[in-house]
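**Student:** Okay, predicted coordinates and the sequence, questions at the end:
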Protein chains: 2
Amino acid sequence: MQWYVVATLLTILTSSQGILTTLSQSNGGYKYDYATVPFLAEVFKLIVSGFLLWREIKTSTPPRMTTDWKSVRLYPIPSIIYLIHNNVQFATLTFVDTSTYQIMGNLKIVTTAILFRLFLKRKLSNLQWMAIVLLAVGTTTSQVKGCGEASCDSLFSSPIQGYMLGILSACLSALAGVYTEFLMKKNNDSLYWQNLQLYTFGAIFNMARLVLDDFRGRFEKGPWWQRLFNGYSITTFMVVLNLGSTGLLVSWLMKYADNIVKVYSTSMAMLLTMVLSTFLFNFTPTVQLFLGIIVCMMSLHMYFAPANMLVDLPLTAKAAPQTVIEVSVNRKSDS
Amino acid sequence: MQWYVVATLLTILTSSQGILTTLSQSNGGYKYDYATVPFLAEVFKLIVSGFLLWREIKTSTPPRMTTDWKSVRLYPIPSIIYLIHNNVQFATLTFVDTSTYQIMGNLKIVTTAILFRLFLKRKLSNLQWMAIVLLAVGTTTSQVKGCGEASCDSLFSSPIQGYMLGILSACLSALAGVYTEFLMKKNNDSLYWQNLQLYTFGAIFNMARLVLDDFRGRFEKGPWWQRLFNGYSITTFMVVLNLGSTGLLVSWLMKYADNIVKVYSTSMAMLLTMVLSTFLFNFTPTVQLFLGIIVCMMSLHMYFAPANMLVDLPLTAKAAPQTVIEVSVNRKSDS
């Protein structure tokens, strides 16, 4: 499969996730326990990966599977980073309002590229760095509150701790992504075997969260496994399946493409959600959304288009310099 | 002189123009007749160009001067286009509010590039086209009204005639620029001789405007030459000198650089004015201004940086492909 097909699919599913989650609410709140959704999504991913691995094992050329404890022990690390990240997120929101929080979230586009460069030693051209900054600027532009909207003066007037935590949050989110890419690419193990390890730990960490919630709530609603599907509608099950599927696609991208592709995919999903929301929920589109979309589209083209297509003048296009093609091949083989 | 020195100077002077004009007002209005300013600026440019031409004539190698009527008769055309443009502008403002009008003004960045391509047959790379679109998006972003500002709902709710006239206005403005560039570059005539013709017609057209105003006002304030400097302060004289100087710099750029350089110069000036205004007039800077500035800076770099600097990966930088350098030389010699 081509990476851009998977990336497009991820964009569509990530975008549906926001819309499905909104649709699964009733009277502006959740009738079900939202913490059960990521747990069930992990279980779904575990089942799918297990089935695909079993099919792979049955074939004449069995898949590579490293079962060494030295390798397995690396797989809970992404879950641990996400756990810390969630707590930092929670702390950030005690200092800043949700719109400042949302705008700061775009920082993770830039931090991902930086950690991608530092830890995975992947080189980007000047133009690609500019494209990444433009992607962050474009998504931020689309989120800027329009004229006449309520609660605006709060932006950039939060205590300094809020911004520090926002930056930390962006770094942790980037770190989790970059670490997962390192994990998936470090050897030729079967993707499904790697997924199996990743999601087993994911399911355990999510289960721990449910248990903790039970203890905090003093088991007033009964243990988590008894109320797992309480209040679930068909839409809620779709939210679970959708979240699980996006997870599987992200794993695939981490192994066969890279973090930058994922970042573009989810940024485009954010814009798609905003456009769809104007139709589905009758939101009025802002000029900012329109401008932000143009900037992001330019960024996408700048990052992924072959270099010679971008810099050649129409006249010299026929005598395309060979060395430029080489450069563009380098760039393509990276992703 | 290098074109980027002239372009930087133009940015600074264009930016001062806005600030000086604001400073020349008293109690939010003009004490002087604003129509006298462009007339006096034309006279100032005429004197400067006349003096420089006289100095050139005195040298051992006299300048080239085409005095053929076939050539001279082309010089009033820019003034005529501007005259039509001013009337279209006036008509546009009867349909749209000033903020929509200001935002539509950014269209002329794109129309200039299109006419530049069509009439002057100048080729731009894909990246340069993208840079131009980003420049227009960036300047528009910086002008989007912030949350909580008054009078917002009017944006994009004007009658269709307003938008059609706005597009026409952008085309006329671009046409005047592109035509002037054609005029300045069509032969090797001395810049000062070309200026002399351009500004003579400019002064005549501006004088005609003053005479027309007199007839319209039924000479109640006396003829224009008697009240030419009425209400002038030192700041007003500075406005005149500044406007005249920007005109001279634009002429220079039209002959030795091009319209795109001018467009970048004036767009940067607009941003500089907004930044300076936050200090001078205590405006609160918006997030949009900040985002717009980043987009415009990226656009500037994309348009003018040598192609190999943009697309080479850090590793391949040392073995810079020769053909790419050729491409970048092509681009440079264009401007």
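**Tutor:** All right, it came through fine.

**Student:** which residues sit in contact with the residue nearest in space to the middle of chain A?
**Tutor:** Of all residues in chain A, the one closest to the mean position by C-alpha atoms, centre = their mean is A:Thr266, 5.6 Å from it. For A:Thr266, the contact set (C-beta atoms under 8 Å, 6 or more residues apart in numbering or on different chains) comprises A:Leu10, A:Thr11, A:Thr14. From N, CA and C alone the C-beta is placed, and that goes for glycine too.

**Student:** A:Gln194 too?
**Tutor:** A:Gln194 sits next to A:Tyr75, A:Leu183, A:Met184, A:Ser251, A:Lys255 when contact means C-beta under 8 Å, 6+ apart.

**Student:** now swap in A:Leu210 and tell me
**Tutor:** With C-beta under 8 Å, 6+ apart, A:Leu210 has these contacts: A:Ala35, A:Thr36, A:Phe39, A:Trp224.

**Student:** now it: how far from A:Leu20?
**Tutor:** 21 Å (C-beta to C-beta, to the nearest Å).

**Student:** same check, this time on A:Gly177
**Tutor:** 23 Å.

**Student:** so where's the stretch 101-250 of chain A uncertain?
**Tutor:** Applying pLDDT under 70 to the stretch 101-250 of chain A flags the ranges A:147-156.

**Student:** That one: strands as residue ranges?
**Tutor:** Under the criterion DSSP state E, counting those that start in this stretch, the stretch 101-250 of chain A carries no strands.

**Student:** Please, where are all the helices along it?
**Tutor:** Secondary structure of the stretch 101-250 of chain A (DSSP state H, counting those that start in this stretch): helices at A:107-119, A:126-143, A:160-185, A:191-216, A:234-256.

**Student:** Now render those helices as a markdown table, adding distance to A:Thr98.
**Tutor:** Below are those laid out as a markdown table (distance: least, C-beta to C-beta, whole Å):
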| stretch | distance to A:Thr98 |
| --- | --- |
| helix A:107-119 | 16 |
| helix A:126-143 | 11 |
| helix A:160-185 | 12 |
| helix A:191-216 | 22 |
| helix A:234-256 | 21 |
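
**Student:** most tightly surrounded among these?
**Tutor:** Counting by mean count of other C-beta atoms under 10 Å in any protein chain shown, helix A:126-143 has the highest mean neighbour count of the helices of the stretch 101-250 of chain A, with a mean of 24.

**Student:** which helices and strands sit right next to that one?
**Tutor:** For helix A:126-143, the packing partners by 3 or more C-beta pairs under 8 Å, 6 or more residues apart in numbering or on different chains; DSSP states H and E come out as helix A:98-104, helix A:107-119, helix A:259-280, helix A:287-304, helix B:126-143, helix B:287-304, helix B:307-311.

**Student:** for these, which one sits closest to B:Gly247?
**Tutor:** Nearest to B:Gly247, of all the helices and strands packed on helix A:126-143, is helix B:126-143, at 21.7 Å by C-beta to C-beta.

**Student:** Kindly calculate the angle that the closest one makes with helix B:259-280.
**Tutor:** Using axes from the mean of the first three to the mean of the last three C-alpha atoms, to 10 degrees, the direction of helix B:126-143 lies 30 degrees away from that of helix B:259-280.

**Student:** From the chain's centre, how far out is helix B:126-143? Work that out for me.
**Tutor:** 16 Å (C-alpha atoms, centre = their mean, to the nearest Å).

**Student:** before we move on, what about stretch A:236-247?
**Tutor:** Distance, centroid of stretch A:236-247 to centroid of chain: 14 Å (C-alpha atoms, centre = their mean).

**Student:** Please name the residues that touch A:His314.
**Tutor:** One thing to correct before we go on: residue A:314 is Pro, not His. Contacts of A:Pro314 (C-beta under 8 Å, 6+ apart): B:Lys123, B:Ser125.

**Student:** And the pLDDT at it?
**Tutor:** Looking at A:Pro314, its pLDDT reads 75.

**Student:** again with the one 4 residues further on
**Tutor:** Looking at A:Lys318, its pLDDT reads 44.

**Student:** cool, and the one 3 residues further on?
**Tutor:** Confidence per residue is given as pLDDT, and for A:Pro321 that number is 46.

**Student:** next one: A:Ser333
**Tutor:** On the pLDDT scale, A:Ser333 gets 43.

**Student:** Please report phi then psi for A:Asn123.
**Tutor:** I think there's a mix-up here, since residue A:123 is Lys and not Asn. phi -90, psi 140 (degrees, to the nearest 10).

**Student:** What's the separation between the closest residue to A:Phe182 other than its chain neighbours and A:Val178?
**Tutor:** Setting aside the residues directly before and after it, A:Phe182 is nearest to A:Leu120 in space (C-beta to C-beta, 6 or more residues apart in numbering or on different chains), at 6.4 Å. Separation of A:Leu120 from A:Val178 (C-beta to C-beta) stands at 6 Å.
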